[in-house]
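Asker: Quick check, what structure comes out for this input:
(chains A, B, C and D)
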Protein chains: 2
Amino acid sequence: MKPDSKLSGVLHVLLHMLGMKSPATSEQLARMMGTNPVVVRRVMAGLRKQGLVASAKGHGGGWTVSCDPASVTLADIYKAVGEPTVIAMGHRSQMPGCLVEQSVNHALDEAFREAEAVFQKHLNAVTLSALSEDFNRRLAERGQTLEQQSHAV
Amino acid sequence: MKPDSKLSGVLHVLLHMLGMKSPATSEQLARMMGTNPVVVRRVMAGLRKQGLVASAKGHGGGWTVSCDPASVTLADIYKAVGEPTVIAMGHRSQMPGCLVEQSVNHALDEAFREAEAVFQKHLNAVTLSALSEDFNRRLAERGQTLEQQSHAV
DNA sequence: TTTCATGTAACAACATATGTTACGTTAAAG
DNA sequence: CTTTAACGTAACATATGTTGTTACATGAAA
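Answerer: Residues are numbered from 1 along each chain as shown, chains lettered A, B, ... in the order given. You can find the predicted model right below:
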């Protein structure tokens, strides 16, 4: 099945934005994510609604981070991108009268619920700044500067 | 996103088959799952390959359970249906050179891995016979017999 | 030899996510 | 005050994957 990559993509651009001084345009972010500016606006709109980023129109405009990275977790961002489905499996049909269906659904739902809970718990445990620090650690290990890490332009 | 329902569907028909004396045809099972006989054969073929069910051609043929329900877990069946993806999320792209990508992927992969492990663990803990017993318990609570629980024909 | 069943390949339909175009709006620059 | 750079958004197009369907071959029992 086709995995949803909104969370991955948005984290990618957020980390880049944390290292930028001036607003980033949708066009720049789109290049980082390997996609289209409109797609960027679409997903960033969700973050803006949660107050995580701000956008400015017109000349010199673009996107800026408007939250404290230390107090925003991956769970917040997951929520901001619309809480895409975590579990790729479901039930075939809703035959509420069939007791077999009820047994099967009950057993599977429990497994789904547990898996999703663990996932959410992990997202809650990681802040944006923790991610950013992890990135900077990798940068240091490589002995590179932020500029050398730029994407293809 | 579109959830995969092979595991759910196959468990449904297996539970029904456990309560049947004679072989079940793909057509009967298809009605139970609300789908097409060919789809049934497709998914049942995986179970047959693992020795969980057997099929017989010709007059009076059909599908029979050929395993001990007490020693087969939902994990075995999950495997038999091709181990469909559990997690509905992934990474946007493979930009191995980008350290931001590496940080993000690492953080998310860990969450995905943990969630999937919990899921598998739960499947391992439930046997087919346990599911069947759960069904019979529900049946008893309702004061019904197996026959009254038949699907729409 | 007819009927009932599986086995399988090939094709069609459908759903979803993603990408793209087009046009409107806003704001700074000149 | 016109041009340019940016976002906002709706509408449409494309791609992909899953499921459903048709068609035909094979095998076994009546």
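Asker: Which parts of chain A are strands?
Answerer: In chain A, the segments counted as strands under DSSP state E are A:53-56, A:62-65.
Asker: now, of the ones you listed, which is deepest in the fold?
Answerer: A comparison of the strands of chain A by mean neighbour count, using mean count of other C-beta atoms under 10 Å in any protein chain shown, puts strand A:62-65 on top with a mean of 19. The way it works is simple: take the backbone N, C-alpha and C, and place the C-beta from them, glycine included.
Asker: And the lengthiest helix in chain A, how far out from the chain middle?
Answerer: Counting by DSSP state H, the longest helix found in chain A is helix A:99-124. With C-alpha atoms, centre = their mean, to the nearest Å as the basis, helix A:99-124 stands 22 Å off its chain's centre.
Asker: would you list every one of the helices in chain A?
Answerer: Using DSSP H, helices in chain A cover A:6-18, A:26-33, A:37-49, A:74-80, A:99-124, A:128-142.
Asker: do the shortest one and chain B meet?
Answerer: By that I understand helix A:74-80. Yes: applying C-beta under 8 Å from any C-beta of the partner chain, one finds that helix A:74-80 is in contact with chain B at residue A:74.
Asker: and if you look at the fifth one?
Answerer: Yes: Helix A:99-124 lies within reach of chain B by C-beta under 8 Å from any C-beta, at A:99-108, A:110-112, A:114-116, A:118-119, A:122-123.
Asker: Would you mind writing the ChimeraX command to select the buried ones in those?
Answerer: In ChimeraX, a selection of the buried entries from the residues of helix A:99-124 next to chain B looks like this (16 or more other C-beta atoms under 10 Å in any protein chain shown):
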select /A:99,100,101,103,104,105,107,108,111,112,115,116,118,119,122,123
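Asker: circling back to that earlier point, mean confidence score for the longest helix of chain A?
Answerer: For helix A:99-124, the mean pLDDT works out to 93.
Asker: same deal with stretch A:41-60?
Answerer: 96.
Asker: I'd like to know which elements the longest helix of chain A is packed against.
Answerer: helix A:74-80, helix B:6-18, helix B:74-80, helix B:99-124, helix B:128-142 (3 or more C-beta pairs under 8 Å, 6 or more residues apart in numbering or on different chains; DSSP states H and E).
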